[in-house]
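Structure for this input, please:
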Amino acid sequence: MNCVVCIEYIIVAIMIVSAALAVEWRDLLAAAVGGAAVSLFASILFFMLQAPDVAMTEAAIGAALSGAVFIFAIKRTQRYETEEEERPGWWVRW
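Next up, the predicted model:
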């Protein structure tokens, strides 16, 4: 097996772990960083797959811009997700 293919599988595994951690973390800032990490590893994978234009776009928009927007939004609200009584939305109560 080619070494590049092994590295690609490792990057995909890291992306899956980062996405799972971003969903599970209660600290919203850490979850936003985990989501940005998924985009960053996706841009590395695109670069390895010989698509540098897509890699640059994913790194600039997916990792940097989206991550910054999420971080600014979290800074303006509560950082931690509360475990209070979660009531269903209005669409479920009808």
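
Every contact and neighbour count from this point should use C-alpha atoms.
Fine.

so the residue nearest the centre of the chain is in which element?
With distances taken as C-alpha atoms, centre = their mean, Gly35 lies nearest the centre of the chain, 1.4 Å away. Gly35 belongs to helix 28-48 when elements are defined using DSSP states H and E.

Residues contacting that helix, please?
For helix 28-48, the surrounding residues in contact (C-alpha atoms under 8 Å, 6 or more residues apart in numbering) are 8, 11-12, 14-16, 18-19, 21-25, 52, 54-56, 58-59, 62-64, 66-67, 70-71, 74, 79-81.

Got a PyMOL select line for the buried ones in the residues you listed?
To isolate the buried members of the contacts of helix 28-48 in PyMOL, using 16 or more other C-alpha atoms under 10 Å:
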select buried, resi 8+11+12+14+15+18+19+22+55+56+58+59+62+63+64+66+67+70+71+74
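
residues in contact with Ile10?
Contacts of Ile10 (C-alpha under 8 Å, 6+ apart): none.

pLDDT wise, what is it at?
You'll see Ile10 listed with a pLDDT of 94.

likewise Ala19?
pLDDT for Ala19: 94.

What's the separation between it and Thr77?
From Ala19 over to Thr77 the distance is 22 Å, taken as C-alpha to C-alpha, to the nearest Å.

just the helices in this structure please.
3-24, 28-48, 52-57, 66-76, 90-93 (DSSP state H).

Can I get the longest one in PDB, CA atoms only?
Looking back up the chat, that one is helix 3-24. This file holds the C-alpha atoms of helix 3-24, laid out as PDB (Å, rounded to 0.1, in the frame of the first residue of the first chain):
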ATOM      1  CA  CYS A   3       2.400   5.700   2.000                       C
ATOM      2  CA  VAL A   4       0.300   8.600   0.700                       C
ATOM      3  CA  VAL A   5      -2.900   6.500   0.900                       C
ATOM      4  CA  CYS A   6      -2.100   5.600   4.500                       C
ATOM      5  CA  ILE A   7      -1.700   9.300   5.400                       C
ATOM      6  CA  GLU A   8      -5.000  10.100   3.700                       C
ATOM      7  CA  TYR A   9      -6.700   7.500   5.800                       C
ATOM      8  CA  ILE A  10      -5.100   8.900   8.900                       C
ATOM      9  CA  ILE A  11      -6.300  12.400   8.000                       C
ATOM     10  CA  VAL A  12      -9.800  11.100   7.400                       C
ATOM     11  CA  ALA A  13      -9.700   9.300  10.800                       C
ATOM     12  CA  ILE A  14      -8.600  12.500  12.500                       C
ATOM     13  CA  MET A  15     -11.400  14.400  10.800                       C
ATOM     14  CA  ILE A  16     -14.000  11.900  12.100                       C
ATOM     15  CA  VAL A  17     -12.600  12.100  15.600                       C
ATOM     16  CA  SER A  18     -12.600  15.900  15.500                       C
ATOM     17  CA  ALA A  19     -16.200  16.000  14.300                       C
ATOM     18  CA  ALA A  20     -17.300  13.600  17.000                       C
ATOM     19  CA  LEU A  21     -15.600  15.600  19.700                       C
ATOM     20  CA  ALA A  22     -17.000  18.900  18.300                       C
ATOM     21  CA  VAL A  23     -20.500  17.400  18.700                       C
ATOM     22  CA  GLU A  24     -19.900  16.000  22.200                       C
END
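
I appreciate the help and will end here.
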